[in-house]
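Asker: What follows is a predicted structure for the sequence shown.
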Amino acid sequence: MKIGFIGLGIMGKPMVKNLLKAGHELVVLDHHQENIDIAVQAGAKAAATPKLVAAGSDIVITMLPNSPQVKSAVLDEDGVLAGAKAGLILIDMSSIAPLASQEIEKACAVKGVKMLDAPVSGGEPKAIDGSLSIMVGGDKAVFDQVKDDVLLKVGFSAVYCGAIGAGNTTKLANQVIVAANIAALAEALTLATKAGVDPQLVFEAIRGGLAGSTVMNAKAPMMIASDFKPGFKINLHIKDLQNAIDTGHDVGSPLPISAQVMEMFQTLRADGGGQDDHSALAKWYAKVSGTKIGK
Ligand code: NAD
């Protein structure tokens, strides 16, 4: 299949490589030439605008930071819709506001383009090994059409969640849970360190019990090593929590825990740490406790 792919960041690059491995032809675009070069070296072709990416593609995948970037890539004068033939399938795999997915889908429908919102969970390691968890909104028939040949070439699971926007609503739920987990982990490991117990031993002792989690397995070693290379950037988690809080306010579902973690992330961003991995919440606890976890 001919697939256009826009957004070759931490997630997009390995996803492109897995689609190439699956035998698809890829045409790619990013704002950074070095990302394009990496994809081209792996076997993709490059195009200069989203319009040109869409021309000749059966499917276009977007993997961009947030709603404004996806809107721009799809709806601008030289955007995907300007180059798309009727019947093209747009799969937006970015994590954006559910309302934005619905707006973009309406514009797609006018041009005969079908759209799914299909954000992912799993981070860079699972993007590399092609085992992302994918949550999908849109027309079920379109989902069935792309599930095996496209989604399951970058993911381990793809679950249909409902109408357009349902994928991103599911992703917001995911991000609320991840934020609270990372905060609890940083709080707990800071407590243990301050009380004189080695955080590595705490991790080893509790990871198999009820408190154990995917978040703990991925982020405790980073906190213990003070290695905050992203991974998933604080700036992106702020974006997700803002989208969650906005959506919560819209539907009347308060998010007090997310609001608290949001302000902790905002403190770190104000201190210049927006590009750090979200496990750098440990730095917030180091500041207020005077004790650093691990090294
Ligand atoms: P990133 O910042 O590493 O990459 C984004 C890429 O998009 C960059 O290379 C940038 O140059 C490019 N870009 C931005 N605007 C563009 C435009 N208009 N046209 C072309 N290229 C443009 O981000 P990422 O970590 O790859 O995340 C992408 C999406 O996936 C985000 O919505 C994020 O929330 C989500 N996500 C990330 C992770 C993770 O662990 N990194 C996990 C799950 C979901």
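Answerer: Cool, the structure landed.

Asker: I'd like to know which elements the longest strand along the chain is packed against.
Answerer: When the chain is parsed with DSSP state E, its longest strand is strand 155-162. Judged by 3 or more C-beta pairs under 8 Å, 6 or more residues apart in numbering; DSSP states H and E, strand 155-162 is in contact with strand 132-137, helix 140-146, helix 166-194. C-beta: built from backbone N, CA, C; applies to glycine.

Asker: from the ones you listed, which stretch is densest packed?
Answerer: A comparison of these by mean neighbour count, using mean count of other C-beta atoms under 10 Å, puts strand 132-137 on top with a mean of 26.

Asker: Ile206: neighbour count?
Answerer: 15 (other C-beta atoms under 10 Å).

Asker: Setting aside sequence-adjacent positions, which residue approaches it most closely?
Answerer: Using C-beta to C-beta, 6 or more residues apart in numbering and skipping residues adjacent in sequence, the residue nearest Ile206 is Gly212, 6.5 Å away.

Asker: In this protein, what residue comes closest to the ligand?
Answerer: Gly9 (1.7 Å; C-beta to the nearest ligand atom).

Asker: Find me the pLDDT at that residue, would you?
Answerer: If you check Gly9, the pLDDT there is 98.

Asker: is it true that it touches Val28?
Answerer: No. Using C-beta atoms under 8 Å as the test, Gly9 is too far from Val28 to be in contact (11.8 Å).

Asker: Residue numbers of the chain in contact with the ligand?
Answerer: Residues of the chain found near the ligand (C-beta under 6 Å from any ligand atom) are 6-12, 29-32, 35, 63-65, 69, 72-73, 94-95, 120-121, 123-124, 231-232, 236.

Asker: So which elements touch the helix or strand encompassing Ala282?
Answerer: Per DSSP states H and E: Ala282 is located in helix 281-289. Judged by 3+ C-beta pairs under 8 Å, 6+ apart, helix 281-289 is in contact with helix 166-194, helix 256-270.

Asker: CA atoms of the last one as PDB?
Answerer: In PDB, the C-alpha atoms belonging to helix 256-270 read as follows (Å, rounded to 0.1, in the frame of the first residue of the first chain):
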ATOM      1  CA  PRO A 256      -8.200  17.300  40.600                       C
ATOM      2  CA  ILE A 257      -5.300  14.800  40.500                       C
ATOM      3  CA  SER A 258      -4.500  15.800  36.900                       C
ATOM      4  CA  ALA A 259      -4.600  19.500  37.800                       C
ATOM      5  CA  GLN A 260      -2.200  18.900  40.600                       C
ATOM      6  CA  VAL A 261       0.300  17.000  38.500                       C
ATOM      7  CA  MET A 262      -0.200  19.600  35.700                       C
ATOM      8  CA  GLU A 263       1.100  22.400  38.100                       C
ATOM      9  CA  MET A 264       4.100  20.200  39.000                       C
ATOM     10  CA  PHE A 265       5.000  19.800  35.300                       C
ATOM     11  CA  GLN A 266       4.400  23.500  34.800                       C
ATOM     12  CA  THR A 267       7.000  24.200  37.600                       C
ATOM     13  CA  LEU A 268       9.500  22.000  35.800                       C
ATOM     14  CA  ARG A 269       8.800  23.700  32.500                       C
ATOM     15  CA  ALA A 270       9.200  27.200  34.000                       C
END
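
Asker: Many thanks, I have nothing further to ask.
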